[in-house]
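Just a sequence and a predicted model for now, questions to come.
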Amino acid sequence: IDNVKITKQPTLNYSNGEKLDLSALTVDLNYKTININLGDNKEIAYTPNSIIGITYDKFSQYKLTTDFNNGQLLSSNNNNQSIMVTYNNSITTVTDPLKVTSIVNGGNDTDNVATPDNVKDGNHKDKTVEKTIVTKKTVVETKDTKKEKSAKTGDMANVLGLLFLLAGAATVSGAILRRKH
């Protein structure tokens, strides 16, 4: 085999936390040209037929492997990484780069939770976080703005419980103040 050529890319666009799908990945195995000496200073070049259209589900039959596992969970750390396809532990090629993006509005990416350490993006440039409340949405209060970012963390029941507790405390305080007057 001279080279491995990717003829169909796998799915390349994912959101953080999705599983890699290599089912569409298809390659061709191309043989080297062989020069056959016919004697009398005559030579012929022969190239065996290539093996074409090898889909991912048949990779093991042709001694093909990938450095990513089909079905593995992807994260933003995999963004811009290519998948290496190897024939017989020696000849390699790579796919186009993966595009793994964080979910901004889906609520499934804890990377989007604003903390004092990561509030340096375009929306919160050079501002410090005074308070972060994590509910179904994370409300970030900076010195001069409020921004919302989705977050997977949080429990609305806990927030509501806290609000009822505070409302009860205010009612009790009001009753005590009224008795004194």
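Yep, it's here.

residues contacting Phe59?
The contact partners of Phe59, taken as C-beta atoms under 8 Å, 6 or more residues apart in numbering, are 65-66. To be clear about C-beta, it is placed using only N, CA and C from the backbone, and glycine gets the same treatment.

separation between it and Ile52?
Distance, Phe59 to Ile52, by C-beta to C-beta, to the nearest Å: 14 Å.

who's Lys8 bridged to?
Thr26 (DSSP bridges).

Could you give the number of residues near Val100?
Residues contacting Val100 under the criterion other C-beta atoms under 10 Å number 21.

go on, Val27?
25.

any idea how far Asn80 is from it?
Counting by C-beta to C-beta, the gap from Val27 to Asn80 is 21 Å.

would you say Ser60 is within a helix?
Yes: Ser60: assigned to a helix according to DSSP: H, G, I helix; E, B strand; the rest coil.

Which parts of this protein are strands?
3-8, 13-15, 26-30, 34-39, 42-46, 51-55, 64-66, 84-87, 91-94, 99-101, 129-134, 137-142, 146-150 (DSSP state E).

Remind me what the fourth one packs against, helices and strands.
Judged by 3 or more C-beta pairs under 8 Å, 6 or more residues apart in numbering; DSSP states H and E, strand 34-39 is in contact with strand 42-46.

send the alpha carbons of the strand it packs on over as PDB?
Output of strand 42-46 as PDB, limited to C-alpha atoms (Å, rounded to 0.1, in the frame of the first residue of the first chain):
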ATOM      1  CA  LYS A  42      12.500  -3.500 -21.100                       C
ATOM      2  CA  GLU A  43      10.500  -2.600 -18.000                       C
ATOM      3  CA  ILE A  44       6.800  -2.200 -17.400                       C
ATOM      4  CA  ALA A  45       5.100  -0.200 -14.700                       C
ATOM      5  CA  TYR A  46       2.200  -2.000 -13.000                       C
END
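
And the pLDDT for Ala169?
According to the prediction, Ala169 has pLDDT 48.

The residue lying closest to Asn78 once chain neighbours are set aside: what's it in contact with?
Leaving aside its sequence neighbours, Asn78 sits nearest to Val100 (C-beta to C-beta, 6 or more residues apart in numbering; 4.9 Å). Contact analysis of Val100 by C-beta under 8 Å, 6+ apart lists 14-16, 18, 74-79.

Need the buried ones from the residues you listed selected in ChimeraX.
In ChimeraX, this line selects whichever of these come out buried by 16 or more other C-beta atoms under 10 Å:
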select :14,15,16,18,74,78
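
could you dump the contacts of Val100 to a markdown table with distance to Lys5?
Formatted as a markdown table, the contacts of Val100 follow (distance: C-beta to C-beta, whole Å):
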| residue | distance to Lys5 |
| --- | --- |
| Tyr14 | 24 |
| Ser15 | 29 |
| Asn16 | 31 |
| Glu18 | 27 |
| Leu74 | 25 |
| Ser75 | 29 |
| Ser76 | 30 |
| Asn77 | 28 |
| Asn78 | 23 |
| Asn79 | 25 |
